[in-house]
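**Student:** Predicted coordinates and the sequence they were generated for:
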Amino acid sequence: MNQETNQKMALAADSSSTREKIKELIYATCLFQDDLDWNAWLNLCAEDFEYAIRAYSPEIQSDMTYISGNRDYLAKLTEMLPKHNSDTSPLKRHGVVYRVDIADDGKSAAAVTSFTVFQTQLDGINSHVDAGESRLFLVGRYNDRFLIDGDEIKFSEREVRLDTRRLDKGSHWPI
Amino acid sequence: MNQETNQKMALAADSSSTREKIKELIYATCLFQDDLDWNAWLNLCAEDFEYAIRAYSPEIQSDMTYISGNRDYLAKLTEMLPKHNSDTSPLKRHGVVYRVDIADDGKSAAAVTSFTVFQTQLDGINSHVDAGESRLFLVGRYNDRFLIDGDEIKFSEREVRLDTRRLDKGSHWPI
Amino acid sequence: MNQETNQKMALAADSSSTREKIKELIYATCLFQDDLDWNAWLNLCAEDFEYAIRAYSPEIQSDMTYISGNRDYLAKLTEMLPKHNSDTSPLKRHGVVYRVDIADDGKSAAAVTSFTVFQTQLDGINSHVDAGESRLFLVGRYNDRFLIDGDEIKFSEREVRLDTRRLDKGSHWPI
Amino acid sequence: MSSRNHAQWTATPNLQPGEWVDSRIYSDHHIFEEELEKIWKKTWIPVCHESELNNAYDFRTMTIAREPVIVVRGKDLKVRAFLNVCPHRGNMIERRPAGSFKRGTPSGTPKTMTCMFHAWQFDMKGRCVNITRREEGYQDRLCTADVGLRELKCEVWFGGFVWVSLDDDIGMTVEEFAAGSLDCLAPSLNEEPLEVFHYHKAIIPCNYKLWHDTNCEFYHDFLHYHNRITGFNDAYFARKNSGFKNGHINVGSFEVQYDQYEGFESREALSFPHLPPNHWYMIDMFPGVNFNLRGSALRCDLMTPLGPDRVMIEFRGLGLASDTPAERQTRIDHHNSIWGPFGRNLHEDLLAVTAQGACMHSSAEKRTILHGRHENETIHDENGMRHYYEEWGRWLDRSPGNPDMNFAAHKMQSVADNAQRASAGM
Amino acid sequence: MSSRNHAQWTATPNLQPGEWVDSRIYSDHHIFEEELEKIWKKTWIPVCHESELNNAYDFRTMTIAREPVIVVRGKDLKVRAFLNVCPHRGNMIERRPAGSFKRGTPSGTPKTMTCMFHAWQFDMKGRCVNITRREEGYQDRLCTADVGLRELKCEVWFGGFVWVSLDDDIGMTVEEFAAGSLDCLAPSLNEEPLEVFHYHKAIIPCNYKLWHDTNCEFYHDFLHYHNRITGFNDAYFARKNSGFKNGHINVGSFEVQYDQYEGFESREALSFPHLPPNHWYMIDMFPGVNFNLRGSALRCDLMTPLGPDRVMIEFRGLGLASDTPAERQTRIDHHNSIWGPFGRNLHEDLLAVTAQGACMHSSAEKRTILHGRHENETIHDENGMRHYYEEWGRWLDRSPGNPDMNFAAHKMQSVADNAQRASAGM
Amino acid sequence: MSSRNHAQWTATPNLQPGEWVDSRIYSDHHIFEEELEKIWKKTWIPVCHESELNNAYDFRTMTIAREPVIVVRGKDLKVRAFLNVCPHRGNMIERRPAGSFKRGTPSGTPKTMTCMFHAWQFDMKGRCVNITRREEGYQDRLCTADVGLRELKCEVWFGGFVWVSLDDDIGMTVEEFAAGSLDCLAPSLNEEPLEVFHYHKAIIPCNYKLWHDTNCEFYHDFLHYHNRITGFNDAYFARKNSGFKNGHINVGSFEVQYDQYEGFESREALSFPHLPPNHWYMIDMFPGVNFNLRGSALRCDLMTPLGPDRVMIEFRGLGLASDTPAERQTRIDHHNSIWGPFGRNLHEDLLAVTAQGACMHSSAEKRTILHGRHENETIHDENGMRHYYEEWGRWLDRSPGNPDMNFAAHKMQSVADNAQRASAGM
Ligand code: FES
Ligand code: FES
Ligand code: FES
Ligand SMILES: [Fe+3]
Ligand SMILES: [Fe+3]
Ligand SMILES: [Fe+3]
């Protein structure tokens, strides 16, 4: 095993471990958000993290933004949740990271995750009959971007791109 | 590439391969259980493996155990299935391992898997009309624990934590 | 760290990277097929790639093939789609690679992926009311085979094995 | 011995009236609506257990015959029930299944029920304590005294179950309604406080009475490998199945051989107070409630009819409030092994009524359902069902054997038929 | 030439009675229930193929007009049909779609049908062979001879299809019912045993007759790129569309140019017996069955109406039982290319009737549906549908053009209208 | 001050007739069908906005009262509406929600609407321009002139909304129908072209009128933390709620303090033309339309009743067509913060009507719904709803307070009651 091979292996291992870390980060957001731990979620995001939920409408034949904001905005929004009346039926994000692309300079990356969100009814309708029933809520993709700074990787951007556009009551929670 | 780097790489590779093996083990349980190969499933479990299905009930505001038992109990239960009348509509467990934590001493690990279970109707209702239709059956998480002994990794514990509490006919099968 | 360890590590890393590449290939087909990019999909397949959708029918107690063909056949079929009237409601394949087995000679591999397909209604029914609603469409597995030629890995076979047999309108699109 | 043609299949069975029912009582839309009005809105329902609302300001919500109900425990610790409907514009006041009003809600202050819509508030006695901007909007035309909640009759009875009736004029207590049917278990349940440890729900595509029938008879032991292996002996078959006023029944006890089922164990160590080891009592109350005590664990089924071919069943498991954690876990295991959603018997029972329901969906042909076994009123007798449907016929004023006929005609018919059969030597 | 206002749109079409129908026949709840009673419960239905129950004790289950049916092959290899309903308490006896009674079930012994609920047992001739604890529970009041299954008329006919009727008094054989409509394919299907290789189902939100219409006419070739490219020539348009007694029709054959569609191939090598190469016959039987032979593969559609705007269609594909595996695979490929759930034509057909159904859901406005093409009774003529609805009107005693009118009035009206039009020189 | 029993709960409220409605108007099946026939098929509906079909040959599809509708822009750029139903066999002509006929379709040539089933074709004026194989099939019996599409009344009015009516004889323009209710926003909307930037739909299990009620009153400010924090001051409560002919209402404006809600900002910079900074107008049109302008973004809700306890609401957001991308993004953000599917208010509103609907499902008991607040016709007055239900009663000829009574009787009753109360000094 010569020096060059050694270096190539090291680099490959490096990029493969970055790739794994990125997947873990994405999956961590699913867990944190499912558990309504908004702070833990936002702590995985860079200061100037930008979040948006978007969908293409075949009705108006145009791309739409359903909500957007930076980390600060999301922090405020989630802090104020207790002041609002919400459907608190738990959501479970079920994502699979389909693709991770690390920039040539190793300083940023992008990832595509296919997800579904299931909602288990709690207090959104007639709880005596409906609570405890799980339903498909959303289908879409996460298009994420990352900043890589040595060992530290943070989300710089998340676009939630929804297929589902029958949103019914919608939600107070970031997806 | 010095000795130290080499060692760090070896350790990292080791832990990353343990991580991969754990994911593979979890996915293997999904395949085995989907295929009703209960023995193959239980062979992945340690002698004193403990299994439980649990859920929190917002109705009685308390944690519940829906079934629990050790490997032996599960072996007996699954062996006796042919003596029982069951809905044999096939289930497909759709899990994504979200998190693997290996203990510092490398002797045990824990993993969190988000799952959905889909049921394709067979003989549970009016098969002429319903058989072949797939429906969402359960949403939840696997909280698994593992024993690591050198190359050998075994399940020491599985908690199936359900969101879904409208269980309708329920099931004779471990989830 | 001796020479032998070094070699073992290199081999392990190799097989683990092949494994990763195979997963990425499978996930790439999900993305390409979701996006109706049939060419990009078929470019991941070997010349003599064989594709089939199969299911077991408990009604006629026999295995069935619902469609089958080689790469060429699929290319023709997908090219001719614009001449056909189709339900163009977007599908999202949600797959998790459960198992990758690399042949001992390292020249081929097999993989099992558990998948669900969700359909977001567009033009298949009464679009005013239904468009934008997501529904479970199919549950099944991909049984894939691969040819490995040095760095190049290609699909040699895909069997889509469906649990779902209530297919309603069916589809003009390969799953 | 042969198969039957249509005429033979649809002929009146050669049994006594009352020994069969017409399947339309399980499937007809009109009869179903009548049952809600004439039975379910006129009876006592054990909607939950007091341990589900232990503290002042705790609440539980549910529905009876589709009407939203809330049960709350007052500052005075008394449990009261109300329609969970706001007097202003009919909103459901509380959406959660359970919780506490001790803390405030986004639109409301602590210790009150607040309708989130326009924030009208009510105290634990159902009195309206605040109308937002009342003076501005209602001047002297409407005051809080006019818009209290609708209070419902409510009793805590029989081991701490909370019973509610939608009928102000029901004219009997729960005890009177039970008419002695609860007595066999009362000592075991009233000795010390109970606690719910299990709750799950099933929505099944069958009529609620099919579930009640299954609970009322043990002839379906053949469905359960567990019952056959742990039960079948002389004592088992000698258990009495007794009817009580108002359509209730009891099934007497015997000693179950739990250890005959591989992996299961004796329940002796954790028997409920005053219950002999491994004994098993069952009470089926009209119109759709079941109490079932198998040694160490009490089960209660409550049916909520959702349609002629749709029922929600809520399953509760209860132990003693004084249980140690280890005792509790054992009770839970005992409960689950047979009765849990992943247990051996419950799945089989639900499977059977689903299949039965698939033949008695709301547009199915009329069929004859036999309830004609006589076995000295022991557990394979079908007297439990005959007793139930006699009561059912009375409440609806319909004949269960021919719901197009009224109940009096049915009784006379029975008498006449019997006389005729007797004189014909049948 | 212009668009139309409401009055023009709803005016009676300037066509002969019988050349249009009222859309309410596709959407009205009451008419739908009447169809089940007066048509579907009174006719022969090919519920499955004999190859689905090859051996003694094999069974298949299904429903006809919502009634559960089981077909079993006896020890004597004869195929018999029964209601899949237990005479005891109406449970569905067998829940599986298919299987064998050779092995026992959890609640039953081998070679019998066992109702899992209380384990009553029946033999393959529908005779009750065991009532559990009969003596204890029924004494001399009920014996097995009283409680046989309800047997249904059953014939194996036309290439091995299993035909069942719920009507004991149907008064005609399948052959008589078919009235010659099956003759065109009989030589091809009866020469040697067939085998089902394909089964799938679709539940479509449209009336079953919309699917039957589509099967009855080829005018919708414009929907199918495959048909246009492989079919349109003089021979194609010359195919005859012929009516038979009882509402059935045939579509005559011609030679399809399969190789005109890229990727498809000639089916010559695997033609069914006695069928000229690449030829294509179609039979549409009243009230909702289709047989379709395209060279190498036979398709059969069976409709099960689920509601006025909901139909289940079961699609079967058949080859010869003697096929080698390679031959079979080729037949399967041929079948799938057009007719499979991922094939070119089936998806288009189902898409079209779904869209049609969306305009004729159960609360839609009444519209006029035109069946007025006359093209010498060739395949773009709409005579197939006219023939069908004439029969339909007779069975229901309703006019298809105005279902509020009875059939006789409709016929007289037609004659009168014709006379009037003729005298008016229209 | 106390809770109430059944008699008290169901007593007629001590308010003036018109100050309450009977909950059955929100739940009765029969009333619902009547509403579709007598109201929804007889009125003007703003089905979409002209910016959704900008170019010649662009189209949009939708339904009104379950009838499929298509709106197309002609070569002459005029917008026309038709039933989206084929005159041949009733297929839905176009399945897509939107698109262009400029390009051909698999079964059709460019610049025509083609029914994919048998490829009949229509131009943008609804004229039939091609019947496939017409001569062969219809000879001289049917020609394209006979089978044009059903054209519907259609106007582009009020900032570019496209209004359609199913009633040829509606006898009034949109302007006349609006009866001045649109005037308050007309200057802001008609100054320059608007553009839709937001569309989403909700299907909610409640009656459509419950959503309209919510849009008609601001008393539910208590539901919205955002409203309480940004609104409550004297100017807020002084906003006028004014009725117009035909059941429409307006809510007057004031200056919202957006920056009081953490994270939100003033909308001053992007005010719609002629609108004072941060002002807010609302128009509720009978029977189920809402226009809502909050400074920088216009929202429009269109209801499509799907059943007595089911409504689809389409939400649109609009800005100025001349917006720069940055301006547009700001408008979108403003719109979303409150009104988007993930915004603060919309979720709360939908949650409330869902809960209200759960108490007024189609089999719920009759209740009294109070609309009795009088606050000088300002925003916490409930005069908006009183105004609406007066109109509703007129169209259906039913009393909203007792739908078993006709409207005239209701009016007389009101007068009599008032007189009686007055004389009784109530
Ligand atoms: S509906 Fe309860 S406060 Fe208005
Ligand atoms: S219902 Fe079949 S044996 Fe009782
Ligand atoms: S239905 Fe439109 S062309 Fe036939
Ligand atoms: Fe049981
Ligand atoms: Fe076709
Ligand atoms: Fe609001």
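**Tutor:** Yep, it's here. Numbering: from 1, shown residues only, chains lettered A, B, ... in the order given. Ligands and ions are numbered 1, 2, ... in the order given.
**Student:** Show me how far stretch A:75-95 is from its chain's centre.
**Tutor:** Computed by C-alpha atoms, centre = their mean, to the nearest Å, the chain-centroid distance of stretch A:75-95 equals 14 Å.
**Student:** buried residues in that stretch?
**Tutor:** The neighbour-count check on stretch A:75-95 (16 or more other C-beta atoms under 10 Å in any protein chain shown) flags A:75, A:77-78, A:80-81, A:83-95 as buried. (Glycine included, C-beta is placed from N, CA and C.)
**Student:** go on, stretch D:307-319?
**Tutor:** Neighbour counts using 16+ other C-beta under 10 Å place D:308, D:309, D:310, D:311, D:312, D:313, D:314, D:315, D:316, D:317, D:318, D:319 of stretch D:307-319 among the buried residues.
**Student:** pull the longest strand from chain A.
**Tutor:** Counting residues, the longest strand found in chain A (DSSP state E) is strand A:134-149.
**Student:** Do any residues in it lie close to chain B?
**Tutor:** Yes: for strand A:134-149, a contact with chain B is found by C-beta under 8 Å from any C-beta of the partner chain, at A:134, A:135, A:136.
**Student:** Leaving out the residues flanking it, which one is nearest to the residue of the stretch 1-150 of chain D found nearest chain E?
**Tutor:** Closest to chain E within the stretch 1-150 of chain D is residue D:3: 3.0 Å, counting by C-beta to the nearest C-beta. Distances taken as C-beta to C-beta, 6 or more residues apart in numbering or on different chains place residue E:126 nearest to residue D:3, at 3.0 Å, with adjacent residues excluded.
**Student:** Can you tell me the SS state at the closest residue to residue D:15 other than its chain neighbours?
**Tutor:** Excluding the flanking residues, the one nearest residue D:15 by C-beta to C-beta, 6+ apart is residue D:372, at 4.5 Å. Following DSSP: H, G, I helix; E, B strand; the rest coil, the label given to residue D:372 is coil.
**Student:** OK, contacts around the residue of chain A found nearest chain C?
**Tutor:** Of chain A, the residue with the smallest distance to chain C, taken as C-beta to the nearest C-beta, is residue A:165 at 3.2 Å. Neighbouring residues of residue A:165 by C-beta atoms under 8 Å, 6 or more residues apart in numbering or on different chains: A:55, A:57, C:120, C:131, C:132, F:199, F:200, F:201.
**Student:** where does chain A have its least confident helix or strand?
**Tutor:** Sorting the helices and strands of chain A by mean pLDDT, DSSP states H and E puts helix A:3-34 at the bottom, at a mean of 82.
**Student:** tell me the phi and psi of residue D:132?
**Tutor:** When read as degrees, to the nearest 10, the backbone of residue D:132 gives phi -60, psi 130.
**Student:** From chain F, how far out is it?
**Tutor:** Residue D:132 sits at a distance of 6 Å from chain F (criterion: C-beta to the nearest C-beta, to the nearest Å).
**Student:** and the gap between that residue and ligand 1?
**Tutor:** As judged by C-beta to the nearest ligand atom, to the nearest Å, residue D:132 and ligand 1 stand 7 Å apart.
**Student:** Give me the nearest residue to that residue, chain neighbours excluded.
**Tutor:** Setting aside the residues directly before and after it, residue D:132 is nearest to residue D:119 in space (C-beta to C-beta, 6+ apart), at 4.7 Å.
**Student:** From what I see, that neighbour and residue D:130 are in contact.
**Tutor:** Yes: in terms of C-beta atoms under 8 Å, residue D:119 counts as a neighbour of residue D:130; the distance is 7.5 Å.
**Student:** Looking at those two, which is more packed in?
**Tutor:** Between residue D:119 and residue D:130, counted using other C-beta atoms under 10 Å in any protein chain shown, the more crowded position is residue D:119 (24 against 15).
**Student:** wait, what's in contact with that one?
**Tutor:** Contacts of residue D:119 (C-beta under 8 Å, 6+ apart): D:107, D:108, D:130, D:132, F:222, F:223.
**Student:** Taking the contacts of residue A:165, tell me the two that lie furthest apart.
**Tutor:** C:120 and F:199 (14.7 Å; C-beta to C-beta).
**Student:** just the contacts of residue D:119 now: which is nearest chain C?
**Tutor:** For the contacts of residue D:119, the nearest to chain C is residue F:223 (26.3 Å; C-beta to the nearest C-beta).
**Student:** Can you give me the distance of that closest one to chain B?
**Tutor:** 23 Å.
**Student:** Distance check, that residue against residue F:347.
**Tutor:** In this view, residue F:223 and residue F:347 are 10 Å apart by C-beta to C-beta, to the nearest Å.
**Student:** before we move on, what about residue D:246?
**Tutor:** Applying C-beta to C-beta, the value for residue D:246 to residue F:347 is 47 Å.
**Student:** the more surrounded of these two?
**Tutor:** Neighbours were counted for residue D:246 and for residue F:347 using other C-beta under 10 Å; residue F:347 has more, 25 against 20.
**Student:** Fine, thanks again, bye for now.
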